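Engineer: Would you be able to build a 3D model of this:
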Amino acid sequence: MDTRLSLAALLTLSLLCPVQSWAVPVRSLQSESDYGQLISKRQVVDQLLGEARQIYDSPARVSDAGFTAKMPSNMELVTSRLLEAYQLEPYRTDLLISAANAQIYNGKLDRAIALLNQALTAAPDDVDLLSYLAVWLRVKGDEGGASQYLDRVKARNPGREADLRRLFATIDRVVTTPLKERAGRDQDKTGRRAIVTLGYALNPDGSMSDILLGRLDTTRALAKADPQALIIVSGGVPQNRKTEASVMADWLVSKGISRSRIIEDNYATSTVENALNTAWVLARHQIDKATLVSSASHVRRGQTLLEIACWQTGPANIRIDSVSYPDKPVSSLARVEAGELLGIYRDALRTYGMWSYRSPPLLAR
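Structural biologist: This next block holds a predicted model:
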């Protein structure tokens with residue numbers, strides 16, 4: 001066995017050993033023993049992945065209208081730890097997939113594709129790798145390349161290929177449908193109906209931001225126009241012992257909406273979880289038509305994810321549309337920007353069931 005200490009091993013030993021130990025010659029520390037008896041490669045990899053998980057779970061956030069995310073610098077550190085681990089265990093293709101998804105999170109599409117191609121050389125028939133490459137080449141505008149990967153997916157798993165084409169069609173439809181700030185006069189009031197309002201980060205004292213209040217004003221108008229509609233408020237990130245959903249429900253009640261109409265989802269911590277949790281509520285109540293409310297800069301992503309979530313849970317044949325609170329002038333959002341589109345595809349795959357991070361203990365959808 002090679003007894004030389006790698007950089008990763010040195011970093012790990014510095015964490016595991018008391019500082020005083022480093023004042024003693026390395027020779028006495030090892031006592032002529034093989035390095036492998038002191039610390040294994042597995043321990044180093046576990047340490048690196050534990051650090052990646054710790055960084056990923058860091059509370060640091062950056063918020064913009066309709067989007068609350070982990071700090072980009074955090075995701076670079078996550079990528080760094082994953083790739084250090086991969087250098088030690090080059091058969092762990094999962095590490096490359098996790099690192100690629102961290103780069104997607106940071107909007108670095110080309111680097112993510114390079115990592116996925118590197119993984120594909122080790123596992124050329126992996127359905128998830130082929131699926132990711134089909135998706136991200138499509139986002140880049142390389143329809144020919146995306147089609148080639150879709151053909152390879154179809155050869156391995158025809159059901160996955162059909163699902164990806166359905167996902168593409170759903171996104172194309174949602175992003176090309178004009179945003180609207182209010183329900184039309186010809187609003188569909190047949191069947192069982194629901195209004196789904198997505199939360200937004202609370203202030204540290206538990207109060208609501210103007211963005212969230214704007215979403216609730218829009219919700220109130222819809223609720224008064226359709227008194228029979230169920231209202232689902234979704235958001236579970238707590239501040240000052242309050243969740244978004246609980247504060248939203250209280251506000252609606254204070255404005256005259258009956259609490260018996262309101263269902264709170266106090267557990268969702270992301271737009272993906274908003275969709276997955278809400279789909280179960282819609283299925284339980286066998287809703288025929290749902291109207292999603294969010295900020296104009298976020299509503300396309302919210303609607304896309306909710307539609308995809310309902311593919312699995314039902315209700316079958318549910319009709320979903322959306323109404324926007326204009327956090328930005330709707331006219332300025334008529335065309336979906338590249339960053340928003342990337343976020344829609346990324347979270348659509350997560351909602352569909354493709355886990356972004358698959359390197360224990362870094363496991364996250």
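
Engineer: Tell me how far R350 lies from T176.
Structural biologist: Noted for R350: a distance of 22 Å to T176, by Cβ to Cβ, to the nearest Å. Where C-beta positions appear, they are placed from N, C-alpha and C, glycine not excepted.

Engineer: More neighbours: those two, which one.
Structural biologist: More crowded of R350 and T176, by other Cβ atoms under 10 Å: R350, with 22 against 10.

Engineer: how about that one, secondary structure?
Structural biologist: Three-state assignment for R350 (DSSP: H, G, I helix; E, B strand; the rest coil): helix.

Engineer: do the same with S324
Structural biologist: strand.

Engineer: How many residues are close by the closest residue to it other than its chain neighbours?
Structural biologist: Nearest residue to S324, sequence neighbours excluded (Cβ to Cβ, 6 or more residues apart in numbering): A296, at 3.9 Å. A296 has 24 neighbouring residues, counting by other Cβ under 10 Å.

Engineer: Just to check, A296 is in contact with K328?
Structural biologist: Yes - assessed by Cβ atoms under 8 Å, A296 is found in contact with K328 at 5.9 Å.

Engineer: hang on, S294 is in a strand, isn't it?
Structural biologist: Yes - counting by three-state DSSP, S294 is found in a strand.

Engineer: Give the next helix or strand downstream of the lengthiest helix in the chain.
Structural biologist: Among all segments of the chain classified by DSSP state H, the helix with the greatest residue count is helix 158-176. Next in sequence after helix 158-176, counting helices and strands by DSSP states H and E, comes strand 193-198.

Engineer: Just the CA atoms of that next one, as CSV, please.
Structural biologist: Output of strand 193-198 as CSV, limited to C-alpha atoms (Å, rounded to 0.1, in the frame of the first residue of the first chain):
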residue,chain,number,x,y,z
ARG,A,193,-61.7,24.1,-6.7
ALA,A,194,-58.7,25.2,-4.7
ILE,A,195,-56.5,28.3,-4.4
VAL,A,196,-52.8,27.4,-3.6
THR,A,197,-50.7,30.3,-2.2
LEU,A,198,-47.0,29.8,-1.8
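
Engineer: just for the chain, where's the confidence low?
Structural biologist: For the chain, applying pLDDT under 70 flags the ranges 1-38, 59-72, 184-186.

Engineer: From R192, how far out is T313?
Structural biologist: 15 Å.

Engineer: list the buried ones in stretch 126-145?
Structural biologist: 126-139, 142, 145 (16 or more other Cβ atoms under 10 Å).

Engineer: Residues contacting stretch 336-351, please?
Structural biologist: Contact with stretch 336-351 is made by 67, 101, 104-105, 107, 109, 131-132, 135-136, 139, 167, 170-171, 174-175, 270-272, 275-276, 297, 300-301, 304-305, 308-309, 356, 365, as judged by Cβ atoms under 8 Å, 6 or more residues apart in numbering.

Engineer: List the contacts of the residue lying closest to L202 once chain neighbours are set aside.
Structural biologist: Distances taken as Cβ to Cβ, 6+ apart place Q239 nearest to L202, at 4.0 Å, with adjacent residues excluded. Shown in contact with Q239 (Cβ under 8 Å, 6+ apart): 201-206.

Engineer: just L77 next, same as before
Structural biologist: With contacts defined as Cβ under 8 Å, 6+ apart, L77 is in contact with 52, 55.

Engineer: Strands of the protein, residue ranges please.
Structural biologist: Using DSSP state E, the strands of the chain run over 61-64, 67-70, 193-198, 230-234, 262-265, 289-295, 319-325, 357-359, 362-364.

Engineer: could you redo the ones you listed as CSV and give each row mean neighbour count and distance to R220?
Structural biologist: As requested, the strands of the chain are arranged in CSV below (neighbours: other Cβ atoms under 10 Å; distance: least, Cβ to Cβ, whole Å):
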stretch, mean neighbour count, distance to R220
strand 61-64, 12, 24
strand 67-70, 17, 23
strand 193-198, 26, 10
strand 230-234, 26, 9
strand 262-265, 21, 12
strand 289-295, 25, 10
strand 319-325, 21, 11
strand 357-359, 21, 38
strand 362-364, 18, 35
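
Engineer: I'm done for today, thanks for sticking with me.
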